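Peer 1: please work out how this folds:
(chains A and B)
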Amino acid sequence: MSVETILVFNNLFAILTLVAGAGAIGLLVYRAVNGPEAAALLGDKAIWLAFAVALVATVGSLLYSEAFHYVPCRLCWFQRIAMYPLAILLLVGAIRREAVVKFYALPLALIGLAVSIYHNFVQFFPSLEGGSCDPEVPCSARSIEMFGFMDLPFMAGIGFIVISVLLAFYTKVSE
Amino acid sequence: MTQTKKPKPGAKDAKSNSTLWWILGGIVGLGLIVALAVSIAGEEPVDETSGFGDPTVTGDPLPVYAAGQEDVSVGLTAPTVEGADWEGNPVTIEADGTPKIVIFLAHWCPHCQAEVPVIQEWINDGNLPDTVELVSVVTGTDRLRPNWPPQDWLEEEGWTPPVIMDDEITTVAVNYGMSSTPMFVVLDGDNTNLGRITGELPTDALDQLVQIAEASIEG
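Peer 2: Have a look, this model is predicted:
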């Protein structure tokens, strides 16, 4: 895979992250302004959107490791463990229109978010994970840096946040 | 008698139209994002050769340094390196009678990014004696990782020690048994390894490395 291609995907995922993050903020603001009625804005599409986010995150993660040959670090693996099942759970939940899926999906999303936050924290304070860089897969070093601040764990963290917000909206509709 | 509630006429069509608009909006939005991503990526310089050198290494390699453990290669002769900095100025690590401290740096490593200004300030304060030479090796260069190219980073930091640019397969680092960055190697004037250490070092530890190097002259 050429460097130019990888740069395009870096930008693509970075922009998608910003758009998704802005969308989540927009939803939260809309909810704050309109109260519980705001859930009707998305209806049952909230679960499909959450699935789309998990799918893009999963495909993106596999793309970076299998096609671009980035080796996932230890903390990246923990986030993968949380994100990959979400893509399947949310798809089944969306197809079956089962509100109960939130009870399985939301804890996974929140656990993944906690790891993402810690991973971002480690990148800002590298000494938390030792005093030197493993040449291959240091969790403390950024694999990529988009717009001066965004790395893969940041994108994952936004993904978990967006999924959590969408699940919260879906819950309101179902109840 | 039970009555079934009939859906309002057109309700199903309205829902289908709504879904169609969502899908169309998603496709258009994704297309715009892809176009933007391609546009931004096209503006970034892609010179994959920048940041690499073509050093020549001769001699037996040092075994890999196990961080936190005693360096088993103390007393072994380190390989001779003939390389150059990013401007092509020749830089060598050889048995020329001058003890050396060799530091291995990676541009993407946050510990190296933190250590470089510490070392440069330590040098600026006059703590590096003329009897000891400090040579840096830039290794592990990766176009896709942050803080690339390494020469821009070092110039921004005002880095004054001579620099050897390692090649794409990190020949110098491999031959010096580098296990992580930053790594310091202290050599006497005969290029004998006096000890290796990895990680960020405070200035008093840098003073100790100098003392070890100077002791080899006196010894």
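Peer 1: neighbours of residue A:61, how many?
Peer 2: 22 (other C-beta atoms under 10 Å in any protein chain shown). Every residue, glycine included, has its C-beta placed from N, CA and C.
Peer 1: okay, the residue nearest the centre of chain B: pLDDT?
Peer 2: Chain B has residue B:106 as the residue nearest its centroid, 1.3 Å off, counting by C-alpha atoms, centre = their mean. With respect to pLDDT, residue B:106 has a value of 95.
Peer 1: right, and it touches residue A:135 too?
Peer 2: Yes: at 7.1 Å, residue B:106 counts as touching residue A:135 under the criterion of C-beta atoms under 8 Å.
Peer 1: between these two, which contacts overlap?
Peer 2: Common contact partners of residue B:106 and residue A:135 (C-beta atoms under 8 Å, 6 or more residues apart in numbering or on different chains): B:140, B:181.
Peer 1: quick one: which helix or strand includes residue A:34?
Peer 2: helix A:3-34 (DSSP states H and E).
Peer 1: now do whatever helix or strand comes next after that helix: distance to the chain's middle.
Peer 2: Later in the chain than helix A:3-34, the nearest helix or strand by DSSP H and E is helix A:45-62. From the chain centre to the centre of helix A:45-62 is a distance of 8 Å (C-alpha atoms, centre = their mean, to the nearest Å).
Peer 1: hmm, the helix or strand following helix A:45-62 touching chain B?
Peer 2: Remark: after helix A:45-62, the chain's next helix or strand is helix A:74-96, criterion DSSP H and E. No: no part of helix A:74-96 sits near chain B under the criterion C-beta under 8 Å from any C-beta of the partner chain; the closest distance found is 12.7 Å.
Peer 1: what mean pLDDT does helix A:74-96 get?
Peer 2: Regarding helix A:74-96, the rounded mean pLDDT is 95.
Peer 1: go through that helix and flag the buried ones.
Peer 2: For helix A:74-96, the neighbour count (16 or more other C-beta atoms under 10 Å in any protein chain shown) marks A:75-76, A:78-80, A:82-87, A:89-91, A:93-94 as buried.
Peer 1: which elements pack onto that helix?
Peer 2: Judged by 3 or more C-beta pairs under 8 Å, 6 or more residues apart in numbering or on different chains; DSSP states H and E, helix A:74-96 is in contact with helix A:45-62, helix A:101-124, helix A:152-174.
Peer 1: spell out which residues of chain B are next to chain A.
Peer 2: Residues of chain B lying close to chain A by C-beta under 8 Å from any C-beta are B:19, B:22, B:26, B:29, B:33-34, B:36-38, B:40-41, B:44, B:46, B:48, B:67, B:106, B:108-112, B:114, B:140, B:143-147, B:170, B:173, B:178-183, B:198-200.
Peer 1: rerun at 6 Å
Peer 2: Residues of chain B lying close to chain A by C-beta under 6 Å from any C-beta of the partner chain are B:33, B:36-38, B:40-41, B:44, B:46, B:48, B:108-111, B:140, B:143-144, B:146, B:180-181, B:198-200.
Peer 1: among the residues you listed, name the ones in strands.
Peer 2: Applying DSSP state E to the residues of chain B next to chain A, the entries found in strands are residue B:198.
Peer 1: got a ChimeraX select line for the buried ones in the residues of chain B next to chain A?
Peer 2: Only the buried entries of the residues of chain B next to chain A go into this ChimeraX selection, using 16+ other C-beta under 10 Å:
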select /B:33,37,40,41,108,109,110,111,140,143,144,146,180,181,198,199,200
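Peer 1: mind listing the helices for chain B?
Peer 2: Remark: helices assigned in chain B by DSSP state H are B:11-43, B:110-124, B:150-156, B:171-175, B:203-218.
Peer 1: just give the closest residue to residue B:179, not the sequence neighbours.
Peer 2: Nearest residue to residue B:179, sequence neighbours excluded (C-beta to C-beta, 6 or more residues apart in numbering or on different chains): residue B:65, at 5.0 Å.
Peer 1: how much space between residue B:53 and chain A?
Peer 2: 17 Å (C-beta to the nearest C-beta, to the nearest Å).
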